[in-house]
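J.: Could you look at this predicted model? Sequence included:
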Amino acid sequence: MHPTTTRRTLIAALALAACTAAQAQAWPSKTLRIVVPYPPGGSSDIIARAIAPALGEAFGQTVVVENKPGANGNTGTDFVAKSNDGHTLLLCDVGALAITASVYKQLPFDPGKDLRGVTMLAYSPHLLVVHPSVPANNLAELVALSKKQKLNFAVTAIGSAPHMAGVAVEKATGAEWAYIPYKGGAQAIGDTVAGQTQVLMNGMLATLPQVQAGKLKVLGVSKATRMPLLGNVPTIAEQGVKGFESGTWQGLLVPAATPPAVLARLSAEVTRIIRSPAVRERLVSQGAEVHTMSPAEFTAFFERERKQWAGTVAQSGVKID
């Protein structure tokens, strides 16, 4: 290449980099919205409200959390995927998002193409819990009881990660329960606390407070090892479902058209905030583990989750028109 051409190419590249950097620094120029596609009170909502104040301070703009539930989380997700204001973010259960394409025959959005991952935020294992009146103190007793009387199993949404985890346990143990779908974790927890449903599998972050208050009885945790916060509660794997692990992953996403420089800046700030001692300690005390990823790592993780859950969904036979 001619030296003059090389210099021109370099100058153009530097100019583009400077323009991109300036664009990122100028962003955000107005209120940021974190859309949670579920009702208030669930794991995603808890995390969104935990990071919103610090995110507002970091960017010098108001940050509001908006709950847009509906269609098992697809209403709020579609809203963000199609937003073009550059200031609308999505905070959701990444596992549920990965499952969506396998459960629904048709979606108004493509999660792999219309959204970009900013960073993962936290992980909390699922807890298998029952209403205190249920006469079972471990998984084996629950399975035996389910064969004698009808047990309603509350799920945060059809095709959600807790739903698929429940299906996996059912198939592995021969349990028999009826799935009752809800619009989010808070409602599923509420009805189980009230005794309208008897069994629930849900993220520890939102469920642990009810266990600690004695309103729900925990029979197992879906992690490879026991959780210090739960004392001697055995894992589901220990109770006969070999190798069983499941959980709720919360992550932050943006529309695919978001400029790379903005994506990088947002990822850096959110990662710093979620790792800060105040936020981390708050989440850990409720059973969540802070897990962050770069946008590239997030993309790779999402693809692995999508493939893994596709097999589970196929085995379950769950499909929604």
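T.: Arrived safely, thanks for sending.

J.: tell me the domain ranges of this protein?
T.: Following automatic domain parsing, one finds the domains of the chain at 23-124+247-316, 126-230.

J.: and these as TSV, adding distance to Val241, mean neighbour count and mean pLDDT?
T.: Every C-beta, even on glycine, is put in place using the N, C-alpha and C of the backbone. Shown next, in TSV, are these (distance: least, C-beta to C-beta, whole Å; neighbours: other C-beta atoms under 10 Å; pLDDT from 0 to 100):
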stretch	distance to Val241	mean neighbour count	mean pLDDT
domain 23-124+247-316	13	19	93
domain 126-230	5	20	94
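
J.: out of those, which comes closest to Ala237?
T.: Within those, the stretch nearest Ala237 is domain 126-230; the backing value is 6.7 Å (C-beta to C-beta).

J.: roughly how far is the host helix or strand of Ala278 from the heart of the chain?
T.: Assessed by DSSP states H and E, Ala278 sits inside helix 277-284. Relative to its chain's centre, helix 277-284 lies at 17 Å (C-alpha atoms, centre = their mean, to the nearest Å).

J.: Could you list every helix and strand that that helix packs against?
T.: helix 43-59, strand 289-290 (3 or more C-beta pairs under 8 Å, 6 or more residues apart in numbering; DSSP states H and E).

J.: Would you map the helices across this structure?
T.: Taking DSSP state H as the test, the helices found in the chain are 3-26, 43-59, 74-81, 94-103, 111-114, 139-146, 161-173, 185-193, 204-212, 260-275, 277-284, 295-316.

J.: Let's have the ones you listed in TSV, adding distance to Gly251.
T.: Listed next are the helices of the chain as TSV, based on distance: least, C-beta to C-beta, whole Å:
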stretch	distance to Gly251
helix 3-26	21
helix 43-59	9
helix 74-81	12
helix 94-103	4
helix 111-114	11
helix 139-146	29
helix 161-173	13
helix 185-193	16
helix 204-212	14
helix 260-275	10
helix 277-284	14
helix 295-316	6
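
J.: what's the closest of those helices to Leu252?
T.: helix 260-275 (5.8 Å).

J.: Pull the residues that contact the closest one.
T.: 20-21, 23-25, 27, 51, 54-55, 58-59, 86, 89, 116, 118-119, 121-122, 252, 254, 279-280, 290, 292, 294-295 (C-beta atoms under 8 Å, 6 or more residues apart in numbering).
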